[in-house]
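Engineer: 3D model of this:
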Amino acid sequence: MSSTELPGVRSTAEPSAPAGAVRLADGEQLRTVALPGLELAVRMRPPVRTDLPPALFVHGLGGSSQNWSALMEQLADTVDGEAVDLPGFGWSPPPGDRDYSVTAFARAVIRYLDAAGRGPVHLFGNSLGGAVSTRIAAVRPDLVRSLTLVSPALPELRVQRSAVPTALLAVPGMAALLGRIAQGLTAEQRTRGVTELCYGDPARVTPEGFRNAVEEMERRMALPYFWESLTRSSRGIVDAYTLGGQHGLWRQAQRVLAPALLVYGGRDQLVSYRMAHKAAAAYRGSRLLCLPEAGHVAMMEYPEVVAAAFRELLKDTEDGRG
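Structural biologist: Below you'll find the predicted structure:
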């Protein structure tokens, strides 16, 4: 469960972008898609060729579509990539019904894919986005060509100690308490804390990438729904963890038909590394990529490695080897 905006390891953002402006990597575009009762910001990179298959990237808790910029650049010659800002995050406004559940996020992404007519897509998800993508692949297999999950947020019996503060956001009244405790922290201090929590090696973050993340943190903290989106999304993950039967995330993982690539980091402080083999057994016919030095956001820390693994999945799938 990634928490708030993260700095990129290799920043390709425009250095002159003013505070509060949309930060785009070189070659990226951001557009707003309006649907009944829903508005989504979608980051896109124009395809190198017109015949590339479509892909959609879904970020984690507190993140944004910007978390996928490095991987989208790596895959620019492989897929026609778009990354969505989930409702209440990035540049997407809060959902009209204030529903931040995993199911509601999945429904929003499905509505976008249906409206855009881009399916089936190669679907990527990190953390919360991994849970959302799993639900989409289980209930709408027609929309998913392949599934790539980076540290997916799936139920664990023993939650890692470092993940407890994020889970506490789901407790009624706790967000207000944590908000008061955090009032004395600057945006730079908060960003540094998030970086240390989510990266296997925070030293990999460039000074420019860190400055950009601090700027984004300042913008997010100024939004009136900042704590609400974090609180209710955290509660949505906890609720999803408690669901049983056909709605349980592990049960839905077993229903996924699309070929899957699972990426886990050995230094992940939020999703346990020990869950990797359980996940590989749940997603039928999946392949597992374990990165011992990576943390919670391997697609930002090692985009080249994740991109290479996806290309192998794509090639084997197209060759019929599965």
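Engineer: which residue ranges of this structure form strands?
Structural biologist: In the chain, the strands defined using DSSP state E lie at 29-35, 38-44, 54-58, 80-85, 121-126, 144-150, 260-265, 287-291.
Engineer: put together a markdown table for those, with mean pLDDT on each row.
Structural biologist: As requested, the strands of the chain are exported to a markdown table (pLDDT from 0 to 100):
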| stretch | mean pLDDT |
| --- | --- |
| strand 29-35 | 95 |
| strand 38-44 | 96 |
| strand 54-58 | 98 |
| strand 80-85 | 98 |
| strand 121-126 | 98 |
| strand 144-150 | 98 |
| strand 260-265 | 98 |
| strand 287-291 | 97 |
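Engineer: pLDDT-wise, which helix or strand of this protein ranks last?
Structural biologist: helix 164-168 (a mean of 49; mean pLDDT, DSSP states H and E).
Engineer: with mean neighbour count and distance to Gly244 as extra columns, can I get the strands of the chain in JSON lines?
Structural biologist: Glycine gets a C-beta too; all of them are placed from N, C-alpha and C. Formatted as JSON lines, those follow (neighbours: other Cβ atoms under 10 Å; distance: least, Cβ to Cβ, whole Å):
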{"stretch": "strand 29-35", "mean neighbour count": "13", "distance to Gly244": "31"}
{"stretch": "strand 38-44", "mean neighbour count": "21", "distance to Gly244": "29"}
{"stretch": "strand 54-58", "mean neighbour count": "26", "distance to Gly244": "24"}
{"stretch": "strand 80-85", "mean neighbour count": "25", "distance to Gly244": "29"}
{"stretch": "strand 121-126", "mean neighbour count": "28", "distance to Gly244": "22"}
{"stretch": "strand 144-150", "mean neighbour count": "26", "distance to Gly244": "21"}
{"stretch": "strand 260-265", "mean neighbour count": "26", "distance to Gly244": "22"}
{"stretch": "strand 287-291", "mean neighbour count": "18", "distance to Gly244": "26"}
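Engineer: show me the contacts for the spatially most central residue of the chain.
Structural biologist: Taking Cα atoms, centre = their mean, the centroid of the chain lies closest to His59, which sits 1.9 Å from it. By Cβ atoms under 8 Å, 6 or more residues apart in numbering, His59 lies in contact with 2, 65, 67-68, 83-86, 89-90, 126-129.
Engineer: check Leu289 too.
Structural biologist: 261-264, 305-306, 309.
Engineer: go on, Cys290?
Structural biologist: Contacts of Cys290 by Cβ under 8 Å, 6+ apart are 264, 266, 273, 276.
Engineer: from Trp250, how far out is Ala240?
Structural biologist: Counting by Cβ to Cβ, to the nearest Å, the gap from Ala240 to Trp250 is 11 Å.
Engineer: neighbour count: those two, which is higher?
Structural biologist: Neighbour comparison, Ala240 and Trp250: the larger count goes to Ala240, with 25 against 15 (by other Cβ atoms under 10 Å).
Engineer: could you report the pLDDT at the closest residue to that one other than its chain neighbours?
Structural biologist: Leaving out its chain neighbours, the residue that sits closest to Ala240 by Cβ to Cβ, 6 or more residues apart in numbering is Val102, at 4.2 Å. With respect to pLDDT, Val102 scores 96.
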